[in-house]
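# Need coordinates for the following:
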Amino acid sequence: MLMGPQNLPENIRRVKERIDLAAAQSGRPVDSVTLLAVSKSQPAASIRAAHQEGLSQFGESYVQEALGKIEALQDLTLHWHFIGGIQGNKTRLIAEHFAWVHAVDRLRIAERLSEQRPFHAPALNVCLQVNLAAEAAKGGVAPSEVPALAARVAALPRLRLRGLMCIPPGAADVTQQRRRFAELAGLLAALNAGGAGLDTLSMGMSADLEAAVREGATIVRVGTALFGARN
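A predicted model of the protein is given here:
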C-alpha cells in the first residue's frame, strides 16, 4: 500500500479500523481509545488535511517546530500534545501552548510546568513516562520509582496527572509486545488501587497499536501509518 499525505484519508480509515477491531476483540468500546496523530516533521498542510478527515489530537516532539504549526492552524479547534523529551529551558513554551504532556519523568520538570502554566488556562494534563526495560537511550522513570513521583506530581497545583506513558523496546512478537504494555497497565492499576484516580495509558504506535489496545491503551500515538515514513 502506498502511504503518504496523498493517501491520508485511506490511511486514517485503515488505522481507525485497526483500533476499532482491537478494541472490539478485547471487549472495549471503540470510543475508549483516542487516536493521537504524531505530526512531528509534518507540514501544517498535512495537519489541516487530517483535521478535515476528522482528527483533532496531534502530537509534536520539537517545540520550535510545533509553535509555527500551532500559530498557522489557530483557526482550527485542535488539541496539542507534547510527546518528546523535555528540556528545562523549553518548559515555559510547552506549558503555555500545549494541552497535554506525555513524557514527564523528573519532578523538577513537572514543577516548572506547573509554575509556568498560565493561570487563565485549564490544568495541564500530564503523563509520567516509564522506562520499562531500563534502556539508557530512552527517557522515563524506573517502574519502582513511579509511585513516589506520581504522588509528588499529583500534588502540583497547575497540573492534572492523568496516567502513564511508555515507549517499549521494539518487538515483532505480539506476545512480547503485550507483556510490556500489560506491565504499564499493572502500574496504573496499582496507583489507582491506592486512590490515584488515573484514566490514561498512552502506549502503542504504528507497529504495535493492536497489542497496546488489547492491554488497555486509551491513547495510541500513530505517525508513520498515517503520514508515511518521515524524511
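
# Count the residues that sit near the nearest residue to residue 174 once chain neighbours are set aside.
Closest residue in space to residue 174, ignoring its immediate chain neighbours: residue 211 at 5.4 Å, by C-beta to C-beta, 6 or more residues apart in numbering. Any C-beta I mention is one placed from the backbone N, CA and C, and that applies to glycine too. Residues lying near residue 211 (other C-beta atoms under 10 Å) number 24.

# I'd say residue 211 and residue 172 touch.
No: look at residue 211 against residue 172 with C-beta atoms under 8 Å: they stay out of range, at 10.9 Å.

# Do a quick rundown of the helices in this structure.
8-25, 44-52, 63-72, 91-97, 107-116, 146-154, 174-193, 209-214, 224-227 (DSSP state H).

# Just to check, residue 187 is in contact with residue 166?
No: in this structure residue 187 lies outside contact range of residue 166 using C-beta under 8 Å: 9.2 Å.

# between those two, what contacts are shared?
Residues touching both residue 187 and residue 166 by C-beta atoms under 8 Å, 6 or more residues apart in numbering: residue 130.

# on that earlier part again, in contact with the residue nearest to residue 174, which residues?
Per C-beta under 8 Å, 6+ apart, neighbours of residue 211: 174, 177-178, 181, 204.

# Neighbour-wise, which one of those residues leads?
residue 204 (30 neighbours).

# Run through this protein and note the low-pLDDT ranges.
1-6, 230-231 (pLDDT under 70).

# Can you give me the buried ones in stretch 125-145?
125-132, 138-141, 143 (16 or more other C-beta atoms under 10 Å).

# rewinding a little: in JSON lines, list the helices of the chain along with distance to residue 84.
Shown next, in JSON lines, are the helices of the chain (distance: least, C-beta to C-beta, whole Å):
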{"stretch": "helix 8-25", "distance to residue 84": "21"}
{"stretch": "helix 44-52", "distance to residue 84": "16"}
{"stretch": "helix 63-72", "distance to residue 84": "8"}
{"stretch": "helix 91-97", "distance to residue 84": "9"}
{"stretch": "helix 107-116", "distance to residue 84": "12"}
{"stretch": "helix 146-154", "distance to residue 84": "18"}
{"stretch": "helix 174-193", "distance to residue 84": "19"}
{"stretch": "helix 209-214", "distance to residue 84": "19"}
{"stretch": "helix 224-227", "distance to residue 84": "16"}
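
# Can you tell me which of the ones you listed is packed in deepest?
The highest average neighbour count among the helices of the chain, using mean count of other C-beta atoms under 10 Å, belongs to helix 209-214 at a mean of 24.

# Quote the end-to-end distance of stretch 129-142.
End-to-end distance for stretch 129-142: 9 Å, by C-alpha to C-alpha, to the nearest Å.

# how far out from the middle of the chain is it?
For stretch 129-142, the separation from the chain centroid amounts to 15 Å (computed by C-alpha atoms, centre = their mean, to the nearest Å).

# ok, residue 191 - contacts?
Per C-beta under 8 Å, 6+ apart, neighbours of residue 191: 146-147, 150, 198.

# same thing but at 10 Å, please
128, 146-147, 150-151, 154, 161, 163-164, 197-198 (C-beta atoms under 10 Å, 6 or more residues apart in numbering).

# With residue 153 instead?
Here residue 153 is in contact with 104, 106-107, 109-111, 113-114, 126-128, 159-161 (criterion: C-beta under 10 Å, 6+ apart).

# and which of those is nearest to residue 87?
Closest approach between the contacts of residue 153 and residue 87, by C-beta to C-beta: residue 109, at 8.8 Å.

# ok, for the closest one, nearest residue in space, not its chain neighbours?
Nearest to residue 109 is residue 86, by C-beta to C-beta, 6+ apart, at 5.2 Å.

# All good on my end, thank you.
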